[in-house]
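Engineer: kindly generate the corresponding structure for this input.
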Amino acid sequence: QVQLVESGGGLVQAGGSLRLSCLASGRTSSGIHAGWFRQAPGKEREFVAAIRRSTDITYYADSVKGRFAISRDNGKNTVYLQMNSLKPEDTAVYYCAAGAKLGALITTAQGYDYWGQGTQVTVSS
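Structural biologist: Predicted coordinates for the structure are as follows:
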């Protein structure tokens, strides 16, 4: 079992930056892949970014490519999402996710077994 706790959300003006953190606890020693998803009011949850276990290869949604960066610090069991040049359309609840299945399609929600409670990001225009 893996527990995930996000932090770092808040209110920021358009063009600003935020860094989200996701602290993992529990059975993380075998290696996990991690991702960030978001859900805006009235919309479905969508993929934002992911980082694959072992190789640390990263993936991004087209809407955030070049503005967001996912990274991990294995020593701290923490995954980060650095968000720059934020836009009002980035406003959403952001969720951290983790999984350990080999070959999982980590750009979809089905690739993950564990989810955090979410953190609100609001970008004002």
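Engineer: list the residues that contact the residue lying closest to N84 once chain neighbours are set aside.
Structural biologist: Leaving out its chain neighbours, the residue that sits closest to N84 by C-beta to C-beta, 6 or more residues apart in numbering is S17, at 4.7 Å. Using the backbone N, CA and C atoms, a C-beta is placed for each residue, glycine as well. S17 sits next to Q82, M83, N84, S85, L86 when contact means C-beta atoms under 8 Å, 6 or more residues apart in numbering.
Engineer: quick one: the fourth one from T122, how far?
Structural biologist: Okay, so that is S85. Separation of S85 from T122 (C-beta to C-beta, to the nearest Å): 16 Å.
Engineer: which strand residues bridge the nearest residue to W115 once chain neighbours are set aside?
Structural biologist: Using C-beta to C-beta, 6+ apart and skipping residues adjacent in sequence, the residue nearest W115 is A97, 5.2 Å away. A97 forms beta bridges with G35, W115, as assigned by DSSP bridges.
Engineer: go on, V12?
Structural biologist: V123.
Engineer: what residues are up against it?
Structural biologist: V12 neighbours (C-beta under 8 Å, 6+ apart): L18, L86, V121, T122, V123, S124.
Engineer: drop anything exposed from these.
Structural biologist: Neighbour-count burial within these applies to L18, L86, V121, V123; the criterion is 16 or more other C-beta atoms under 10 Å.
Engineer: what helix or strand is the third one on?
Structural biologist: By that I understand V121. strand 119-124 (DSSP states H and E).
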